[in-house]
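In: Quick one, structure for this:
(one chain, ligands or ions: 1)
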Amino acid sequence: MDNEALRHEAQAYLDWHAAMGVDLGVGTVAQNWFELSEQAARPAPATVPSTQPSNPTPPPKRNAPPRPATPAATPDEAVFAAREQAAAAPTLEALHESLATFDGCGLKATAKNLCFYRGAPQARLMIIGEAPGRDEDLSGTPFVGPAGQLLDKMLAAIDMDDTAAHITNIVYWRPPGNRNPTPQEALVCRPFLDRQIELVAPDVIMILGRPAVNNLLNNTDSIMKLRGRWKSFTVGAHEIPAMPTLHPAYLLRTPLAKKMAWLDLQAVRDKLKGEL
Ligand code: URA
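Out: Okay, the predicted model is just below:
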């Protein structure tokens, strides 16, 4: 194959990966991450007396990919550990530190940074989205990319900004290729999110997009059915009014839907003013 043909082939290979959502390399050797976490979950085999010499030749070194964060042994144990760690955090700073040491969410293995929250530590409005994307992963801050910039404009439309809002997601690390978080990934982050909500103690929660709404409100309805209707979100002993609305990333793709988001934002504004 001549150089030009090779170049075309390599470009087609990269284009195909980009189209599949692979926009990030984490190693030079392909690695089955699912297999690694299954291996970590299996109990260690009983030791069998060895007939090998005590100092065998080490296996040849391969160009190994970075090791993922060690997951908790089973998904249930990861959720249990998350509950224990989250409940023990008396402040947001402690919760942040606790999340930083938590290895029970598989997303941590491929993410560059933990994205905890943006905006005010305590706020009357809490906004919860789906998951960090590329820009968020690079900066370690939720909603700083194009969707975040539109979110800022939405807040400005009701005379608010992020000094009056606490902005986060249902998972704290970027899913590879921006896929939706799996139910297990959201489940294992949930104790931290519940504790975060308790510590922020908002008067109103705005939930962005179907994956976050379905997950937080435990339903499977479409966002068009759910948006614009007040729901109640229970955390601890508190009931907090929650408004499901359209995700700003969807609004960027579907500008005509901004009319609906505007109605939802006005409802949030009126609720905060005590007018609803
Ligand atoms: N989309 C989200 O749901 N969250 C972010 O932080 C960024 C984009």
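In: Up against the ligand, what does the stretch 151-276 of the chain have?
Out: The stretch 151-276 of the chain has residues N169, A249 near the ligand, with proximity defined as CB under 6 Å from any ligand atom. (Glycine included, C-beta is placed from N, CA and C.)
In: The closest residue to the ligand within the stretch 101-250 of the chain bridge partners, please.
Out: Using CB to the nearest ligand atom, the closest approach of the stretch 101-250 of the chain to the ligand is made by G129 at 3.0 Å. In this entry, G129 is beta-bridged to N169, by DSSP bridges.
In: Test my guess that it contacts R210.
Out: No: using CB atoms under 8 Å, G129 makes no contact with R210, being 11.3 Å away.
In: When the two are compared, which one has more neighbours?
Out: G129 (26 against 23; other CB atoms under 10 Å).
In: neighbours around the residue nearest to A78 when sequence neighbours are not counted, how many?
Out: With CB to CB, 6 or more residues apart in numbering as the criterion, A78 has its nearest non-adjacent residue at 3.2 Å, and that residue is G104. For G104, the neighbour count with other CB under 10 Å is 24.
In: cool, A81 as well?
Out: Each residue near A81 was counted by other CB under 10 Å, and the total is 17.
In: so which strand or helix has it?
Out: helix 75-87 (DSSP states H and E).
In: Please apply the same query to P90.
Out: Secondary-structure assignment from DSSP H and E places P90 in no helical or strand segment.
In: hmm, back to that, spit out the residues that contact G129 and R210 alike.
Out: H247 (CB atoms under 8 Å, 6 or more residues apart in numbering).
In: show me the contacts for the residue nearest the centre of the chain.
Out: With distances taken as CA atoms, centre = their mean, V171 lies nearest the centre of the chain, 2.6 Å away. Neighbour list for V171: C105, L107, E130, A131, P132, P181, E185, A186, C189 [criterion: CB under 8 Å, 6+ apart].
In: Noted, bye for now.
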